[in-house]
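**Q** Sequence and predicted structure are below.
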Amino acid sequence: MIKKILLVDDSPISRRMMKSCIPKDRGYEVFEAGDGLAGFEAYKEILPDVTFMDLTMPVMDGSESTEKIREFNPEAVVIVCTADIQIKSITNALGRGALMVMKKPASKETVEDALLKAEEHIG
Amino acid sequence: MDYCIDTISEEEKEILQEIMNIAFGKAAADLAEVINIFVVLSVPHIEILNAQDLPEYLKSQVSSYDRVSIVEQNFWGDFKGSAFLVFQASAGKELISLFGEGSEDFGSESIDALEKETLMEVGNILIGACVGKLSELLGDAVTYSPPRVVTENSTNDAIPVNIFESGSSAIVLKTVFCFNERNVNGFLFLVTSNDSILWLKKSLATFMEQYE
């Protein structure tokens, strides 16, 4: 069951957009980080059930951050949410351990689908 | 100081930056579908400038290039302005093979023509998809002038001096990119004048309403 969600994106606006798409009636605790490294550090501290991860970010990109999170916890559920929808970027993100890739801008529907998929994966 | 310089707030700049990010991501994916290339993206930047400072700003951004090739395209809608896709002048040769054409059999004149065509095609895809997606997200539809390629020995000669009326302000949306396999990098600048500011502010607010 999902309780804690971590949003990793360098854009505060993008985090706000994402946050607004997360259902409010399920009591999720939502945490935020502004780059891949901060996301990895936040992950270790918070241990979220689901992490939504941007790809193009300063300091550490989302692919590397995803890989580090998955090295730290091979069961971690990382969902990439990105504007970089090139096939190679998607393949790379999946290869580095992302459960799925969502394209930006997020919507209530795509976030709901992603959370459903995460729930199924967590079991 | 121009009276319009402060009319876009920090928050509106951030929204525009995110929309530009989404739009250029779509453009890169479109290009990657047409040619076998991977576009390394970076975080876009938004600048608000006085129009008379715009040519100097553009020159300073590409000052590391000794010779430049610029694909220029204008667009019209509620969102109107000019797009400048700037490469080092050598980029055309690097990119020719991506379109399945070898350069070995062409004389120098033909290579020049082929380089221009290649840059024009890349420009058409990147600018069209980026401006198109940006306009779509903001509820607009734009039309385009045919792209024009300018190759010059110096950035001073390549960048137009009077892009907008002096005294007005300009919004610059800049993204830096790199074609990984070809070691080619470049800039895309979208510039729009204060004619579009009121529409832009309203459209940014409408865009964010769905995320309230």
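**A** Good, I have the coordinates.

**Q** Could you confirm whether stretch A:21-41 reaches chain B?
**A** Yes: residues of stretch A:21-41 contacting chain B under CB under 8 Å from any CB of the partner chain: residue A:21. Just so you know, the C-beta spots here come from the backbone N, C-alpha and C atoms, and that holds for glycine as well.

**Q** Quick one: end-to-end length of that stretch, please.
**A** Start and end residues of stretch A:21-41 are separated by 24 Å (CA to CA, to the nearest Å).

**Q** Tell me where the longest helix sits in chain A.
**A** Longest helix of chain A, by residue count under DSSP state H: helix A:108-122.

**Q** which residue ranges form the strands in chain B?
**A** Assignment of strands within chain B using DSSP state E yields the ranges B:39-41, B:45-50, B:68-76, B:81-88, B:143-144, B:148-152, B:169-179, B:184-193.

**Q** which of these is buried the deepest?
**A** Most buried of the strands of chain B, by mean neighbour count (mean count of other CB atoms under 10 Å in any protein chain shown): strand B:81-88, with a mean of 24.

**Q** Direction included, what does whichever helix or strand residue A:51 is part of pair up with?
**A** Using DSSP states H and E, residue A:51 falls within strand A:50-53. Here strand A:50-53 is paired, per DSSP bridges, with strand A:4-8 (parallel), strand A:78-82 (parallel).

**Q** in that strand, what's buried?
**A** Using 16 or more other CB atoms under 10 Å in any protein chain shown as the test for burial, strand A:50-53 gives A:50-53.

**Q** and of those residues, the nearest to residue B:14?
**A** Nearest to residue B:14 among those is residue A:52, at 18.2 Å by CB to CB.

**Q** From residue A:33, how far out is the closest one?
**A** Distance of residue A:52 to residue A:33, computed by CB to CB, to the nearest Å: 10 Å.

**Q** residues contacting the one residue in chain B that gets nearest to chain A?
**A** Here chain B gets closest to chain A at one residue, residue B:25, 3.1 Å apart by CB to the nearest CB. With contact taken as CB atoms under 8 Å, 6 or more residues apart in numbering or on different chains, residue B:25 is in contact with A:56, A:82-86, A:103-104, B:41.

**Q** No further questions, thank you.
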